[in-house]
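[1] build me a model from this:
(4 chains)
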Number of protein chains: 4
Amino acid sequence: MAGARPLRIGLVGCGFMGRTHSNAYRQVNQFFDCEYHPELKAVCGRDRERTEQFARRWGYQHAETDWDVLVKRDDVDVIDIASPNDTHAGIAIAAAKAGKIVLCEKPLARNLVEALRMVAAAEDAGVPNMVWYNYRRVPAVTLAKQIIEDGNLGRVFHYRAKFLQDWTISRDIPVGGRALWRLDRDLAGSGVTGDLLAHCIDTAIWLNGPIAHVSAMTETFVKERESAVTGHAVEVSIDDASAFLARFENGSLGTFEATRFARGHKALYTFEVNGEKGSLAWDLHDLHRLRYFEYEEASELRGWRSIHVTEPEHPYMKSWWVPGLQIGYEHTFIHQAADLLIALSAGQMPSPAFREALATERVIDAVLQSAALMKWVAVV
Amino acid sequence: MAGARPLRIGLVGCGFMGRTHSNAYRQVNQFFDCEYHPELKAVCGRDRERTEQFARRWGYQHAETDWDVLVKRDDVDVIDIASPNDTHAGIAIAAAKAGKIVLCEKPLARNLVEALRMVAAAEDAGVPNMVWYNYRRVPAVTLAKQIIEDGNLGRVFHYRAKFLQDWTISRDIPVGGRALWRLDRDLAGSGVTGDLLAHCIDTAIWLNGPIAHVSAMTETFVKERESAVTGHAVEVSIDDASAFLARFENGSLGTFEATRFARGHKALYTFEVNGEKGSLAWDLHDLHRLRYFEYEEASELRGWRSIHVTEPEHPYMKSWWVPGLQIGYEHTFIHQAADLLIALSAGQMPSPAFREALATERVIDAVLQSAALMKWVAVV
Amino acid sequence: MAGARPLRIGLVGCGFMGRTHSNAYRQVNQFFDCEYHPELKAVCGRDRERTEQFARRWGYQHAETDWDVLVKRDDVDVIDIASPNDTHAGIAIAAAKAGKIVLCEKPLARNLVEALRMVAAAEDAGVPNMVWYNYRRVPAVTLAKQIIEDGNLGRVFHYRAKFLQDWTISRDIPVGGRALWRLDRDLAGSGVTGDLLAHCIDTAIWLNGPIAHVSAMTETFVKERESAVTGHAVEVSIDDASAFLARFENGSLGTFEATRFARGHKALYTFEVNGEKGSLAWDLHDLHRLRYFEYEEASELRGWRSIHVTEPEHPYMKSWWVPGLQIGYEHTFIHQAADLLIALSAGQMPSPAFREALATERVIDAVLQSAALMKWVAVV
Amino acid sequence: MAGARPLRIGLVGCGFMGRTHSNAYRQVNQFFDCEYHPELKAVCGRDRERTEQFARRWGYQHAETDWDVLVKRDDVDVIDIASPNDTHAGIAIAAAKAGKIVLCEKPLARNLVEALRMVAAAEDAGVPNMVWYNYRRVPAVTLAKQIIEDGNLGRVFHYRAKFLQDWTISRDIPVGGRALWRLDRDLAGSGVTGDLLAHCIDTAIWLNGPIAHVSAMTETFVKERESAVTGHAVEVSIDDASAFLARFENGSLGTFEATRFARGHKALYTFEVNGEKGSLAWDLHDLHRLRYFEYEEASELRGWRSIHVTEPEHPYMKSWWVPGLQIGYEHTFIHQAADLLIALSAGQMPSPAFREALATERVIDAVLQSAALMKWVAVV
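    I've put the predicted structure just below:
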């Protein structure tokens, strides 16, 4: 478009998240008016053939197999990290030092130490930085944020969230290697705590403020699996399930749970907030709806209202189709990309920045400690 | 209770409806403060042993096998007709002539001619009379009535109702006899039209006013069944399914459907009303909820609201338990019994009276005519 | 009915639970074939006028104001305790000593010490005894029990339950006295833990076996209220909210929560069980439905199934109406009454007996300890 | 991609449908492996500036303002008609004569005469042709088709469909002109009958076979509106609501309804099919779910099952994300584009071809006739 300003992307990772980010870059300018237009400059993956295939499919001009080379390319403005968790810190720190805009898939890092180093590197370099907590950009979730900020819930008493999956119940699923890195603690940092609870925690802090104390338990239901690398039986190192009680700084109580062993649920991320004046509930399986209970209504007509978040007055929705027509999962990344482009144009830090995402890392760290020590732990 | 005034009931019929009415009489005074207290004086059925068993179970003091004898008993104030449709007119007319209060299970009669005679008899005799259209007394349905009367919907554009069952799909179900009289036109008058659509029509007229014209179709999917009486194959005389388009006098459009061939639905009576300012929806399978859409709300927070009709401010509900605890099907009869007792105390006609129920008979008649003639028919 | 054998009831308590029990006694024989027929002999309450009114309404032959007198009546077979928790132990022990059948509303007692004494008294006296954990007799919950016992879930990984209400959010609600005894620890023993979590725990143990360890938190959101007795401000002694993590003996993880501060929920008791081969979910707000996910189905047709628990083949339901017609809350007490009568006829201990209910008291005790000590506690 | 074969698109129309088609062309090759790759060659609109803007945003190489010029371009393989209904016939016939592949947004034409001419032109020219009945490609709807074809429903008794919107209730909405052509019969052919019922009819015929007879009614609730062209009050020529009874050739009964006056519904397209062995239900507001009732299951465990159509074994879904993550409205066009490209590669006619879509036009024609004549009409 006339006046379009290119933003040259260097992506690391050709997996699930590499796809969602690439798709967001390809679509954002058809639906949102942004000065910046992403230009898919180069993608980096371990396997040359697979990476080149990915580049062709998504329209990247170059394929790299060494992220160090990618980071040093002069024709790249952004390093976007969509590779396994064990690579986040190294790439992010190098990219920041190279003066690149640094974007990183969640969770920020495998552990708090790495996360702190990444925040320091990004802030020392003074580069824009962002973590892809995409679920903040589900229109219904953004609407929940607005409702809370408008004071519609009043004093909050309860926050509860869970993220339920069922894909690792079978004992025949092997562990480790690049494809199944999520089941290997060396690569992932933790199991469902960093993978799924991280989303729950990020949204919770965003909507309800800091978490002060936690008491957690974790469990590994299948203790031994075949290694996808060696073929031998290995002890499973990650948590299959994780749950915790929380006390928020605002005095409300929280309950959180994530698991990959909840038969029948695929990606059931849900949250509910109960306040003095109203309540909100949402779930990812029907992401286009927000349930809202407003206490002030005429008493005999009160009820939980299902807001069908598809109207032009709803967040992000006027850019899409017509009322009643739902959007899907990948749109959340497109929305975050749009917000990123707008922030960059305005010279503002995109959100959530590394430092903001650090709050979630602190809670994750406290949860894992609490589960290991079997006691309440303060979030530092 | 001190000051309780007995209302001596003579019930005809020991079947499904005999049970619901008896249960209502037994329970009404524990939950509603009424001057009148039903006294279960006598029940009448065809089979002596079965009738005596019924009397013992429900606490009737006497068992009769001839309704004519029952009608003439001096110790009975009310004749309540819960026997098959072919008996309604004869009993009701005799009871009215005998000066009894006459109550009749719906539909009023097998056809319009009988219904007109019943209305005339009741009005000539000047006795209180009522038809058991119990679904008006579902608290959520009564609340719907209030919402409409308060003008919350504005001009109505659409009314749609259906009543779906699946219990006659099997070809092995026989037809006729006292147990399966609902499948025999001589006994029932019609099939689903009088049995199920009657409820839909009664509520529709109550909520949305008179129906002016209809275009209908009916179908008998299983054309031949074994007679429960003779054991021989007989042609099935009733409609298994019935649907019609309607124009209401207020200018709104109606669609109606009833069937016993909708696999998976047991008693799914649903209605929805769409008005300029709001809409309402309800279904019998979750009878304690009313769905309400209010257009005037702040636009980004609009949504279909599920009103959990269990609060003391909701119709009938302060007499039951505590908020959140649902009531069931039979409570609708208890509510109608309470309203009956209150009306009798006040010297008012209970509702719906025979004359009011006649409106439904007129529509049923027009529907059956329209289906037979395959043309639009005006409701007389 | 011919051969009916009277079971003479002496009820203590004219409140909410006095009504549900009385209603159960009045209705059970119309719907279930039982040798025993409850005879409402006497009811006991503190206030003579109110108790006599209750007696008239429900058909009790006598009204007492001293439970000690009631317990000693020769014409009473059963002492049924439906009065506040602080009275349970004294009455139950006296009744057992008097050789009566002893029934007690839940929770069994205010604390574990009292509960142990009650169990000892009942067992020493050798009298039939039972606690009214009525939610086991919701047909959908009984069906859940059958599905689990049939092995349909396989190894269980997760159990989660909550009981959400919102009736004490207003600061204007006073505390204590006979009407609001649930807000006074001296009378109730605890707040939501004994009132609401008790139900969750009872069902959990019934469906998923013993709970071994818990980590809990409790909170009192409104710290000070007006005393309903003195009119002065008093410190609120009970827990407004209570949540805990649990490890079951079978290796599964549990999360539990109860509160009276969840705006928009009236009596939302829900549970979900996730097993290797299937999952189950239920909630009290739509008690006539059970949701079931079966993994073995053809994969592209798998889904959470909403079982409409209204068919004759479902527990208790053939005694009621026809398929599709829902029952309500009070029916759970009628079912428990029917099971009680059948057990007594068979000379079997009704269920749950005091000893069985003791397991719930042990968990409640551990939860309150854990919350006070802020550490994991083993259930003794 | 290596071996990619370009398919040069010439699009007519820059409105809502121009966007959905363009988006489909841009995305199809990232998600589906097809030999053909759409190349956005030229777009044609009435207004030069708006068309050029559209071309820049979506990546079209050329902008035209005369469809005749577009049709004659040598560098275009496909003419895709996404302009108002009054333009369909002229463009399609010219494009067919020019030997182009012809794609047309639904409904095929304003009336049956036009539709017949279009079918003749396309077939005479022997060019591939297709109508964008996109809802067939909702994965849940495609799954419904498979379930029916596998014989899982058995003999069908009932089919019911409706499409409810509420966007024209306000009297302030003007009529006509290019933006509001849907409210002008000269431009649109009809109101909701051709716009919304067309979808219901197409799916119905696809799933349940031909419709034989109809009895219809239509209504225009707001009789007069301001002309968007002249500013004067004009009589509204289209139907605001349309409903009909149908008899299918297979003996089943149908009820159909569409309206733009159903307050609270934005695009609630729903259908349900009831067969001897099972039933299916779906709605567009939650398009990623299919409800299925299977009769053969163990009787106490039967229930309506909510199939979450997001698994790799479900139609189209393995090309998208991971299980549990929903897709949106626009994906239906991407699916249809993928099927189009695959058909073209295979030398097969894409589906539905003009001739197939003609069946829907015949029903629309019968519905409008029936409503005008107030009698049953046979579908020719």
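
[2] quick check on the residue of the stretch 1-150 of chain A found nearest chain B: phi, psi?
    Residue of the stretch 1-150 of chain A nearest chain B, by CB to the nearest CB: residue A:143 (6.8 Å). Quick note: C-beta positions are derived from backbone N, CA and C, even for glycine. With angles defined as degrees, to the nearest 10, residue A:143 sits at phi -60, psi -40.

[3] let me see the ranges of the strands in the stretch 151-300 of chain A.
    Here the stretch 151-300 of chain A has its strands, by DSSP state E, counting those that start in this stretch, at A:156-164, A:211-219, A:224-226, A:233-235, A:241-248, A:253-259, A:268-275, A:278-283, A:289-294.

[4] what does the stretch 151-300 of chain A put close to chain B?
    A:290, A:292, A:294, A:299-300 (CB under 8 Å from any CB of the partner chain).

[5] which of these sit farthest apart?
    A:290 and A:300 (23.4 Å; CB to CB).

[6] pick out whichever of those two has more residues nearby.
    residue A:290 (27 against 17; other CB atoms under 10 Å in any protein chain shown).

[7] which one is that one nearest to, not counting chain neighbours?
    residue A:140 (3.9 Å; CB to CB, 6 or more residues apart in numbering or on different chains).

[8] and that neighbour, what pLDDT?
    If you check residue A:140, the pLDDT there is 98.

[9] go on, residue A:178?
    Predicted confidence (pLDDT) for residue A:178: 75.

[10] cool, and residue A:184?
    89.

[11] still on that earlier bit, separation between the residue of the stretch 1-150 of chain A closest to chain B and residue A:311?
    Note on residue A:143: its distance to residue A:311, by CB to CB, to the nearest Å, is 10 Å.

[12] shared neighbours, the two?
    residue B:300 (CB atoms under 8 Å, 6 or more residues apart in numbering or on different chains).

[13] neighbour count: these two, which is higher?
    More neighbours surround residue A:143 than the other of residue A:143 and residue A:311, with 23 against 17 (other CB under 10 Å).

[14] I'd say the more buried one and residue A:307 touch.
    Yes. Between residue A:143 and residue A:307 there is a contact under CB atoms under 8 Å: 7.1 Å.

[15] what do the two both touch?
    A:290, B:300.

[16] circling back: contacting residues around the residue of the stretch 1-150 of chain A closest to chain B?
    Counting by CB under 8 Å, 6+ apart, residue A:143 has contacts A:290, A:307, A:309, A:314-315, B:300.

[17] read off the pLDDT value for residue A:361.
    For residue A:361, the predicted pLDDT is 98.

[18] right, and it touches residue A:107 too?
    Yes. With contact defined as CB under 8 Å, residue A:361 counts as touching residue A:107 (6.7 Å).

[19] now residue A:94: how far from chain D?
    29 Å (CB to the nearest CB, to the nearest Å).

[20] for the lengthiest helix in chain A, packing partners?
    Determined from DSSP state H, the single longest helix within chain A is helix A:354-373. Secondary-structure packing of helix A:354-373 (3 or more CB pairs under 8 Å, 6 or more residues apart in numbering or on different chains; DSSP states H and E): helix A:112-125, strand A:129-132, helix A:198-208, strand A:211-219, strand A:241-248, strand A:377-378.

[21] right, and those - which one's nearest residue B:96?
    Of the helices and strands packed on helix A:354-373, nearest to residue B:96 by CB to CB is helix A:198-208, at 66.2 Å.

[22] any residues touching that closest one, and which ones?
    By CB under 8 Å, 6+ apart, helix A:198-208 touches A:106-107, A:133, A:135-136, A:141, A:144-145, A:148, A:156, A:159, A:161-163, A:211, A:246, A:248, A:250, A:252, A:254, A:256, A:258, A:269, A:271, A:273, A:352, A:357, A:359-360, A:363-364.

[23] can we see that at 7 Å?
    In this structure, residues lying in contact with helix A:198-208 by CB atoms under 7 Å, 6 or more residues apart in numbering or on different chains are A:106-107, A:133, A:135-136, A:141, A:144-145, A:148, A:156, A:159, A:161-163, A:211, A:248, A:250, A:252, A:254, A:256, A:258, A:269, A:271, A:273, A:359-360, A:363-364.

[24] CA atoms of it as PDB?
    The C-alpha trace of helix A:198-208 is given here as PDB (Å, rounded to 0.1, in the frame of the first residue of the first chain):
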ATOM      1  CA  ALA A 198       1.800 -20.000  31.800                       C
ATOM      2  CA  HIS A 199      -1.100 -18.900  29.700                       C
ATOM      3  CA  CYS A 200      -3.500 -19.100  32.700                       C
ATOM      4  CA  ILE A 201      -1.000 -17.100  34.800                       C
ATOM      5  CA  ASP A 202      -0.400 -14.400  32.200                       C
ATOM      6  CA  THR A 203      -4.100 -13.700  31.800                       C
ATOM      7  CA  ALA A 204      -4.700 -13.900  35.500                       C
ATOM      8  CA  ILE A 205      -2.100 -11.200  36.300                       C
ATOM      9  CA  TRP A 206      -3.300  -9.100  33.400                       C
ATOM     10  CA  LEU A 207      -6.900  -9.200  34.600                       C
ATOM     11  CA  ASN A 208      -6.500  -9.500  38.300                       C
END
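
[25] now stretch A:317-333: average pLDDT?
    On average, stretch A:317-333 scores 97.

[26] again with stretch A:204-215
    98.

[27] hmm, back to that, state the pLDDT value of the residue of the stretch 1-150 of chain A closest to chain B.
    98.

[28] one step back: please pick the buried ones from the contacts of helix A:198-208.
    Taking 16 or more other CB atoms under 10 Å in any protein chain shown as the criterion, what is buried in the contacts of helix A:198-208 is A:106-107, A:133, A:135-136, A:141, A:144, A:148, A:156, A:159, A:161-163, A:211, A:248, A:252, A:254, A:256, A:258, A:269, A:271, A:273, A:359-360, A:363-364.

[29] thinking again about what came up before, between the residues of the stretch 151-300 of chain A next to chain B, which sits nearest residue D:82?
    Nearest to residue D:82 among those, with distances taken as CB to CB, is residue A:290, at 32.2 Å.

[30] you'd agree the closest one is up against residue A:282?
    Yes. Between residue A:290 and residue A:282 there is a contact under CB atoms under 7 Å: 5.4 Å.

[31] helices of the stretch 1-150 of chain A, residue ranges please.
    Assigned by DSSP state H, counting those that start in this stretch, the stretch 1-150 of chain A shows helices spanning A:16-31, A:48-58, A:67-72, A:88-97, A:112-125, A:139-149.

[32] quick revisit: what about dumping the CA coordinates of the longest helix of chain A to CSV?
    Below are the C-alpha coordinates for helix A:354-373, written out as CSV (Å, rounded to 0.1, in the frame of the first residue of the first chain):
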residue,chain,number,x,y,z
PHE,A,354,9.8,-9.3,28.3
ARG,A,355,9.6,-7.5,31.6
GLU,A,356,5.9,-7.9,31.8
ALA,A,357,6.1,-11.5,31.0
LEU,A,358,8.7,-11.9,33.7
ALA,A,359,5.9,-11.8,36.3
THR,A,360,4.6,-15.0,34.9
GLU,A,361,8.0,-16.6,35.1
ARG,A,362,8.2,-15.7,38.7
VAL,A,363,4.9,-17.4,39.4
ILE,A,364,6.0,-20.5,37.5
ASP,A,365,9.1,-20.6,39.5
ALA,A,366,7.2,-20.4,42.7
VAL,A,367,4.8,-23.1,41.6
LEU,A,368,7.5,-25.5,40.8
GLN,A,369,9.3,-24.8,44.1
SER,A,370,6.1,-25.1,46.1
ALA,A,371,5.3,-28.5,44.5
ALA,A,372,8.9,-29.7,45.1
LEU,A,373,8.9,-28.5,48.7
